[in-house]
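Student: with the input below, show me the fold.
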Amino acid sequence: MVSCEAAIRAQVISVISLFYCIFNIINYIAMKIKMALLGLCFTSSIMHSVYADLDQDAFETEAYEPKEEELVIIPMEDEQSVLKEDENEHFSKLNGDLVMGPFSMVFQEKAAHDLKIKNDTKAKLGIKAEVPEVLGDANAVINIVLKLDRKSVMCKEAAVTVGPFTLGYCGSIFSYQKANPFLLISTDASVMQLKVDHAWDSLRLSYGIESPIELKVGWFDKNKVTTEEEEEKEDKKETEDKKGKKEKEEEIVNQLDDPKKKPKPFFLIKDSFPALGISIGTENDCSNVALNALGRLTDYTYPDATNPKKKNLPRMLHFTWGVNLGMQFKLAPACTITGQGVYVYGLGDYIAGLASIQQEEERKEMCAVYYSDKNQNVLTNIEAVGVGGTLEYEVTPQWKLTAAGSYLNTDCILNTDKKFKPDTAFKSQWQVRAPEISYKLSKRLVVSLLYDLTKESKIDPSKNEEAIHAIAGKVKFSF
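Tutor: Numbering: from 1, shown residues only. Coordinates of the predicted model:
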């Protein structure tokens, strides 16, 4: 418990330090603006207009006419460049994007041909500011990204980059920056991070430490009743058997453990160690290739079966890892193709398609690690492999067409965990996003419309649900 509190305290201190750094940078920008305004006041001869209202007789002087050789004519182009240099010296560069969407209508056919209709609208605000000469000749870049929906506002990114160093809350080293963020295999998880970037000609190397995504585990019981009708019958029978008796809370099965309920979970996750990541790749005008790897070491405790009340339990360690290969090629000035392949062994909570089933309020199915025997202190990793790609083609400067797709499968290489999973557990999923049509209304405003088809398969094919159809639109404003 002490180590957990220490980890939380360390993360709070990191956040406070980050915002203190941002406050100092903003204060620095304000001081630069004041200096620039004072300079403009003097260079625009504002002082002359002040003295013009005074008694002219008190300031009579002999008129001075400059000689022709003393006149200096500044060309218009040079004057503009001087003003531009002065502006760059005192002001930071500020730009960003506001994306509203998807404005989506989702259709999924249920039993008796009923349609499930859901409208989900979100917004994403990204701001990027560049402050010159913060540390010697090095500029500072501040990135802030907010995600908004109808219920909450979440900070997706708040980081400062100075030279090769990046510090703050931002995307994991495991993610591929050029990837399509709407695919099942996207890895856009945000974490507290300290990263170092190096560049030698076209070669790129990054490495760093980051706070791991909190590992959550649960008990998979293959023999547990899973259908809704049987569960209702079981609940009804238990109610009849327990009339007049105090009802005991049941152990959660085939869902994430809830530490607030009794009996307490068998595995208490600590997350005391940072995750380590590395990325190596190449980049030029026509291509971008990166291979990213991440390792997460998790410590946990398991109660002593012979002495359940025993404290100071020994710490056990569990290792999870994954690799992510991303590639982007410019086939022509108007055509770009992006491909991605990912493999995770216990890092399913970093993959969008798997993480979503763990975040569903009703489902809460394990996507990274689970245990199949509550009497043993053994955790099992969920293995997954996924591929995806995106093709973009600019038909005209205003019109752009995009086609994308992805596939994610947990029944793959090692295939060691299938025998422990219940019939309703996740097995695979595929997705097609095509066509996506974008139209540029102006330099800063773009509207898009797309069709999305997603289908999930479970361990038992008879438990599969119908595919999900979605028609979505979004609006992007850049500034």
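
Student: ok, T320 - contacts?
Tutor: Neighbouring residues of T320 by Cβ atoms under 8 Å, 6 or more residues apart in numbering: L215, G295, R296, T298, V344, Y345, G346, L347, A368, V369, N381. Where you see a C-beta, it was placed from the backbone N, CA and C, and this is true even at glycine.

Student: list phi and psi for it.
Tutor: phi -130, psi 150 (degrees, to the nearest 10).

Student: and the pLDDT for it?
Tutor: Per-residue pLDDT puts T320 at 95.

Student: spatially nearest residue to it (excluding sequence neighbours)?
Tutor: In this structure, T320 finds its nearest non-sequential neighbour in G346, 2.8 Å apart by Cβ to Cβ, 6 or more residues apart in numbering.

Student: ok, the one you found - contacts?
Tutor: With contact set as Cβ under 8 Å, 6+ apart, G346 has these partners: R296, H318, F319, T320, W321, G322, A368, V369, N381, I382, E383.

Student: where does pLDDT dip in the stretch 1-150 of the chain?
Tutor: Within the stretch 1-150 of the chain, the segments meeting pLDDT under 70 span 1-93, 101-105, 107, 109-121.

Student: any idea how far I142 is from the nearest residue to L135 once chain neighbours are set aside?
Tutor: In this structure, L135 finds its nearest non-sequential neighbour in V162, 5.4 Å apart by Cβ to Cβ, 6+ apart. Counting by Cβ to Cβ, to the nearest Å, the separation of V162 from I142 is 10 Å.

Student: and what of V106?
Tutor: On the measure of Cβ to Cβ, V106 and I142 end up 36 Å apart.

Student: give me the more crowded residue out of those two.
Tutor: Neighbours were counted for V106 and for I142 using other Cβ atoms under 10 Å; I142 has more, 22 against 18.

Student: for my notes, confirm that one occurs in a strand.
Tutor: Yes: read with DSSP: H, G, I helix; E, B strand; the rest coil, I142 is one of the residues of a strand.

Student: my guess is it contacts K128, does it?
Tutor: Yes: using Cβ atoms under 8 Å, I142 is in contact with K128, at 7.0 Å.

Student: hey, where'd the helices end up in the stretch 351-479 of the chain?
Tutor: Here the stretch 351-479 of the chain has its helices, by DSSP state H, counting those that start in this stretch, at 352-359.

Student: do a quick rundown of the strands in it.
Tutor: Taking DSSP state E, counting those that start in this stretch, the strands of the stretch 351-479 of the chain run over residues 369-370, 380-381, 383-394, 399-409, 426-440, 445-458, 468-478.

Student: likewise the stretch 101-250 of the chain?
Tutor: Under DSSP E, counting those that start in this stretch, the stretch 101-250 of the chain gives strands at 115-120, 123-135, 138-148, 153-162, 165-171, 190-200, 203-210.

Student: quick check: mean pLDDT of the fifth one?
Tutor: Taken as a whole, strand 165-171 has a mean pLDDT of 92.

Student: show me what it is in contact with.
Tutor: So strand 165-171 is contacted by 15, 18, 21, 143, 155, 157-161, 177, 188-197, 208 (Cβ under 8 Å, 6+ apart).

Student: chain neighbours aside, what residue packs nearest to C335?
Tutor: Y393 (5.1 Å).

Student: touching, the one you found and A334? I think so.
Tutor: Yes: taking Cβ under 8 Å as the definition, Y393 is a contact partner of A334 at 6.1 Å.

Student: below-threshold pLDDT in the stretch 201-350 of the chain: ranges please.
Tutor: 225-251, 262-263, 304-310.

Student: ok, the contacts of T320 vs L450, which is closest?
Tutor: Nearest to L450 among the contacts of T320: V344, at 27.0 Å, using Cβ to Cβ.

Student: follow-up on the earlier one: could you dump the contacts of G346 into a markdown table with distance to D149 added?
Tutor: A markdown table is the format used below for these (distance: Cβ to Cβ, whole Å):
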| residue | distance to D149 |
| --- | --- |
| R296 | 28 |
| H318 | 33 |
| F319 | 35 |
| T320 | 29 |
| W321 | 32 |
| G322 | 28 |
| A368 | 24 |
| V369 | 28 |
| N381 | 32 |
| I382 | 28 |
| E383 | 32 |
